[in-house]
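K.L.:
Fold the following for me, if possible:
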Amino acid sequence: MIGIATATLMTLVNQVSGTPYISGGDSPHGTDCSGLASWVANAATGRPVYGDRFHTADEESALLARGFRYGTAPGALVIGWNGGHTAVTLPDGTPVSSGEGGGVRVGGGGAFQKQFTHHMYLPVDALEGEPAPEDAPAPPEPDPFAPPPFDPFAPPPPPADVIDASFVPPAPEAPAPDPGTAPAPDFGMAPAPAAPEDLPAPAPDLVPAPELAPPPTTI
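P.N.:
Purely as a prediction, here's the structure:
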């Protein structure tokens, strides 16, 4: 993905293209190979283009300070170097250089020359001016009528036809026995039922009186 930053780098290179090779140069009037690499790295990371250049001797630490990573990556800004030369390949694959057949120009071998023993790259998303990714869509508002989320750690609800008898109230304490009364023997049998209330004794049955014989008649 090539963004605005790549076009900005190409504009910079085109502005100084054709200027002579000047060892240690650090102005639009010309520069050397590491000076051009410095300008491109500075522009890509939001630094002032001029006045903050590096050399091949300290190129590694300078690129690390600018957010570059070791190695190469497709579609990234790549810089390659050795002890005496350096060159750049822009994210769109365009090579730029200074000191390869003249001064600053678009062209040359770029960062992937076999002579280079070191390579570092800057990811496209780190280039200043690269369009920011679109914001993620806002999460949907919660539905007030939706069921509550399932909690795998919640205890299961009791069945609807089961009565929870987990709590049984204690029975009232029995009164203390009278110390003067001996305890009733326990033969392992159920206690006798309580005696019913006293009822009045039934009245005696009435016996009919015997019939009396008629009195004797006198003559």
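
K.L.:
got the residue ranges for the helices in the chain?
P.N.:
For the chain, applying DSSP state H gives helices covering 4-16, 33-44, 59-65.

K.L.:
Point out where this structure drops to low pLDDT.
P.N.:
Across the chain, the ranges flagged by pLDDT under 70 are 1-4, 125-219.

K.L.:
hang on, the earlier thing: using TSV, lay out the helices of the chain together with distance to residue 123 and mean neighbour count.
P.N.:
The way it works is simple: take the backbone N, C-alpha and C, and place the C-beta from them, glycine included. Converted to TSV, the helices of the chain look like this (distance: least, CB to CB, whole Å; neighbours: other CB atoms under 10 Å):
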stretch	distance to residue 123	mean neighbour count
helix 4-16	11	17
helix 33-44	10	25
helix 59-65	13	16
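
K.L.:
Nearest to residue 95, out of those helices?
P.N.:
Ranking the helices of the chain by their distance to residue 95 (criterion: CB to CB) puts helix 4-16 first, at 10.2 Å.

K.L.:
what sits against residue 50?
P.N.:
26, 27, 28, 39 (CB atoms under 8 Å, 6 or more residues apart in numbering).

K.L.:
Likewise for residue 110?
P.N.:
Applying CB under 8 Å, 6+ apart, we find residue 110 in contact with 78, 80, 87, 88, 89, 94, 95, 96, 97.

K.L.:
Double-check residue 77 against residue 45; I have them as touching.
P.N.:
No: in this structure, residue 77 is not within contact of residue 45 by CB atoms under 8 Å, at 9.4 Å.

K.L.:
Now the two most distant members of the contacts of residue 110.
P.N.:
Longest distance between any two of the contacts of residue 110 is 14.4 Å, between 80 and 94; criterion CB to CB.

K.L.:
Show me which of those two is the more surrounded one.
P.N.:
Here residue 80 and residue 94 are set side by side on neighbour count (other CB atoms under 10 Å), and the busier one is residue 80, at 25 against 15.

K.L.:
mind listing what that one touches?
P.N.:
Contacts here follow CB under 8 Å, 6+ apart; on that basis residue 80 touches 86, 87, 89, 110, 111, 112, 113, 116, 118, 119.

K.L.:
give me that answer again for 7 Å
P.N.:
86, 87, 111, 112, 113, 116, 118, 119 (CB atoms under 7 Å, 6 or more residues apart in numbering).

K.L.:
Could you report the neighbour count for the fourth one?
P.N.:
Summarising burial for residue 112: neighbours were counted as other CB under 10 Å, giving 14.

K.L.:
picking that back up, separate out the buried members of the contacts of residue 110.
P.N.:
By neighbour count, with 16 or more other CB atoms under 10 Å, the contacts of residue 110 hold 78, 80, 87, 88, 89, 95, 96, 97 as buried.

K.L.:
Narrow those to those in strands?
P.N.:
Taking DSSP state E as the definition of strands, the buried ones among the contacts of residue 110 contribute 78, 80, 87, 88, 89, 95, 96, 97.

K.L.:
That concludes my questions; thank you for your assistance.
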